[in-house]
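Sequence and predicted structure below; questions after.
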Amino acid sequence: MSEAPIQEKVEAQAIDNLEPDFDGEFPIVIEGLRNSFGEQVVHEGLDLKVKRGEVLGVVGGSGSGKSVLMRSIIGLQVPDQGTIEVFGRNIADESAREDMAIRSRWGVLFQGGALFSTLTVGENVEVPLKQFYPELDPELMHEIARYKVVLSGLPADAASKYPAELSGGMKKRAGLARALALDPELLFLDEPTAGLDPIGAARFDELTRNLADTLGLTVFLITHDLDTLYAICDRVAVIADKKVIAVGTIPELLKSDHPWIQEYFNGPRGRAVQARPEHGKSMDSQGQTGE
């Protein structure tokens, strides 16, 4: 199925809802972010810029606030202080959080897929379509949903299945199909390979990279999976001490003397990943050793 006819129909029926394209280098800019829950401060003075078209890996220890940061960017968490600009609009402002035109330009895959258990996969994918473009013809919604299901790597007949009938990996892909429903410019992935076996995780990583390159997506990827970081991330942002302490390529981060970064990337698991031929070769190409 070609995407072009679908795109033409969607644009024809929903063009009035679209905002002008954002042409800046950084579609996400965060400055001075503070998040707290009661007396517990999660972020303090956090700054981060996400480049257009990159796959940015976000790592940090348990409780460092990776998911809280993502929720802040998409308007589900209101920060105490700071600004979060998405496509040039401050999401911390209530008007921006409620702006359907901005919210339609990102897609989110939450941990575990977060599918509605009483809806089929296809119906799950249609949820954001019905929310943002209720005027679309029902048959067109079905067509878009089927296309997104296949785009996510699932067989076409998966659209008629319920989440309970899917494996863990298939649920992740179904969640990804829903995240792609609105043809977003930004894609947020929260631990997308958690719970998958190594083969399934590697295939999901490959799918993510291919989609990012093919569709021109900017991907904000929360993960603890070192294989994922080495395989598909252009840069990695490290959260520690309540802020982003470093952002860069893995070879650049390996030069940092921060204890957490050294323990994470040069600990036993980190050394094992670096020793693998495919990752060592990648680092060699950037002027680093694979050892």
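Arrived safely, thanks for sending. Model, not experiment: these values are computed from the prediction.

Give me the distance between residue 207 and residue 187.
For residue 207, the distance to residue 187 equals 12 Å [CB to CB, to the nearest Å]. For the C-beta atoms, the positions are set from N, CA and C on the backbone; glycine is no exception.

Between the two, which is the more surrounded one?
The neighbour count for residue 207 versus residue 187, taken as other CB atoms under 10 Å, is higher for residue 187 (23 against 18).

looking at this, the more buried one is in a strand?
Yes: Residue 187 forms part of a strand when assessed by DSSP: H, G, I helix; E, B strand; the rest coil.

what's it in contact with, if anything?
Applying CB atoms under 8 Å, 6 or more residues apart in numbering to residue 187 gives the contacts 106-109, 179-180, 211-212, 217-220.

For the stretch 1-150 of the chain, just list every one of the strands.
For the stretch 1-150 of the chain, the strands defined by DSSP state E, counting those that start in this stretch cover 28-37, 40-50, 55-60, 81-86, 89-90, 106-109.

Next, the residues that contact the fourth one from outside, please.
Around strand 81-86, the neighbours that count as contacts under CB under 8 Å, 6+ apart are 27-34, 46, 72-73, 90-92, 96, 102, 106, 186.

Go again with 6 Å.
The contact list for strand 81-86 (CB atoms under 6 Å, 6 or more residues apart in numbering) reads 28-34, 72-73, 90-92.

of those, closest to residue 55?
residue 28 (13.1 Å; CB to CB).

Report the contact partners of that closest one.
50, 86.

Low-confidence ranges, this structure, go.
Across the chain, residues meeting the criterion (pLDDT under 70) sit at 1-23, 94-98, 271, 277-291.

can you do 80?
Scanning the chain for pLDDT under 80 picks out the ranges 1-24, 92-100, 112-113, 267-291.

Which helix in it has the most residues?
helix 198-215 (DSSP state H).

May I have it exported as CSV, CA atoms only?
Below are the C-alpha coordinates for helix 198-215, written out as CSV (Å, rounded to 0.1, in the frame of the first residue of the first chain):
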residue,chain,number,x,y,z
PRO,A,198,18.5,-10.1,22.4
ILE,A,199,17.3,-11.0,18.9
GLY,A,200,14.0,-9.2,19.4
ALA,A,201,15.7,-6.2,20.9
ALA,A,202,18.2,-6.0,18.0
ARG,A,203,15.4,-6.2,15.4
PHE,A,204,13.4,-3.4,17.2
ASP,A,205,16.6,-1.3,17.2
GLU,A,206,17.1,-1.8,13.5
LEU,A,207,13.4,-0.9,12.9
THR,A,208,13.8,2.3,14.9
ARG,A,209,16.9,3.3,13.0
ASN,A,210,15.3,2.6,9.6
LEU,A,211,12.2,4.5,10.5
ALA,A,212,14.2,7.5,11.7
ASP,A,213,16.2,7.6,8.5
THR,A,214,13.3,6.9,6.1
LEU,A,215,10.8,9.2,7.7
